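Peer 1: Give me coordinates for this.
(chains A and B)
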Amino acid sequence: DQQVKQNSPSLSVQEGRISILNCDYTNSMFDYFLWYKKYPAEGPTFLISISSIKDKNEDGRFTVFLNKSAKHLSLHIVPSQPGDSAVYFCAASVNAGKSTFGDGTTLTVKP
Amino acid sequence: NAGVTQTPKFRILKIGQSMTLQCTQDMNHNYMYWYRQDPGMGLKLIYYSVGAGITDKGEVPNGYNVSRSTTEDFPLRLELAAPSQTSVYFCATGEGGRKNGELFFGEGSRLTVL
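Peer 2: Sure thing, here's the model as predicted:
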């Protein structure tokens, strides 16, 4: 049973437009959520996180929204840039413990 | 400041062989993890450690062993390699506490078992 799901394997957007990446979870005990970005042949790098006590966290062009009742979170990138092209992983944890990852969404930003 | 260093970056093993993937960190983090990533999939936790001398199983520990004798090093041992262990392995560290979820990853070790 996959507890963290990213249902869109890929997403393609035009440079300058908004990218929205989605993530659903099933474990109601999760209280800390993170997004990681991964380029080919590199390890994932931390992007942004949100605690379950919040419904929004913003860092520059990146905003994460959390809807606890729907067990859904999303990552918004505005404006999207070609350098944002990467695989994005959603992750969730309980009490900031070990993280459970989704399968990732490959974002392609076209110039 | 190297962060998290994994060796080797690439390795080909024959079925039944054994090997150790090395992971060392200079971030002084107590928490260390080993994940594997299969093609098109997310990261699955193999083993983790919350400090020197303490290790615990993750989601997919079968066929692997770990040890944590120092804060810096967290080697992953593969015994009797099988084709199902063909994967990319990532070592990661975390600060613990509320920042524990924020992990710092190595560049990965690509293992092929033939």
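Peer 1: just for the chain, where's the confidence low?
Peer 2: Reading this off chain A. A:96 (pLDDT under 70).
Peer 1: try again with chain B
Peer 2: By pLDDT under 70, the low-scoring segments of chain B are B:1, B:97-100.
Peer 1: any idea whether residue B:16 is helix, strand or coil?
Peer 2: coil (DSSP: H, G, I helix; E, B strand; the rest coil).
Peer 1: For it, which non-adjacent residue is closest in space?
Peer 2: Once flanking residues are discounted, residue B:16 sits nearest to residue B:80: 5.5 Å by C-beta to C-beta, 6 or more residues apart in numbering or on different chains. To be clear about C-beta, it is placed using only N, CA and C from the backbone, and glycine gets the same treatment.
Peer 1: show me what contacts the one you found?
Peer 2: Neighbouring residues of residue B:80 by C-beta atoms under 8 Å, 6 or more residues apart in numbering or on different chains: B:16, B:17, B:18, B:63.
Peer 1: residues touching the residue lying closest to the third one once chain neighbours are set aside, list them.
Peer 2: Going back to what we said before, that points to residue B:18. In this structure, residue B:18 finds its nearest non-sequential neighbour in residue B:79, 5.1 Å apart by C-beta to C-beta, 6+ apart. Neighbouring residues of residue B:79 by C-beta under 8 Å, 6+ apart: B:18, B:63, B:64, B:65.
Peer 1: What is the burial count for residue B:13?
Peer 2: Other residues within reach of residue B:13, judged by other C-beta atoms under 10 Å in any protein chain shown, total 18.
Peer 1: and what of the one 5 residues further on?
Peer 2: By other C-beta under 10 Å, the residues close to residue B:18 number 11.
Peer 1: distance of it from chain A?
Peer 2: Here residue B:18 is placed at a distance of 24 Å from chain A (C-beta to the nearest C-beta, to the nearest Å).
Peer 1: got the contact list for that residue?
Peer 2: By C-beta under 8 Å, 6+ apart, the contact list for residue B:18 reads B:77, B:78, B:79, B:80, B:81.
Peer 1: repeat for residue B:75
Peer 2: Taking C-beta under 8 Å, 6+ apart, we find residue B:75 in contact with B:20, B:21, B:22, B:23, B:66, B:67.
Peer 1: Bridged to the fourth one, which residues?
Peer 2: Partner residues in beta bridges with residue B:23: residue B:6, with DSSP bridges as the criterion.
Peer 1: Might you enumerate the residues of chain B proximal to chain A?
Peer 2: Residues of chain B that fall close to chain A, judged by C-beta under 8 Å from any C-beta of the partner chain: B:4, B:33, B:35, B:40-45, B:48, B:58, B:90, B:92, B:97-108.
Peer 1: show me what contacts whichever residue of chain B sits closest to chain A?
Peer 2: Closest residue of chain B to chain A, C-beta to the nearest C-beta: residue B:105 (3.1 Å). The contact partners of residue B:105, taken as C-beta under 8 Å, 6+ apart, are A:43, A:44, A:45, B:4, B:90, B:91, B:92.
Peer 1: Count the neighbours of the closest residue to chain B within chain A for me.
Peer 2: Ranked by C-beta to the nearest C-beta, the top residue of chain A for proximity to chain B is residue A:43, at 3.1 Å. Neighbours of residue A:43 under the rule other C-beta under 10 Å: 23.
Peer 1: Report the spatially nearest residue to it, omitting neighbours in sequence.
Peer 2: Setting aside the residues directly before and after it, residue A:43 is nearest to residue B:105 in space (C-beta to C-beta, 6+ apart), at 3.1 Å.
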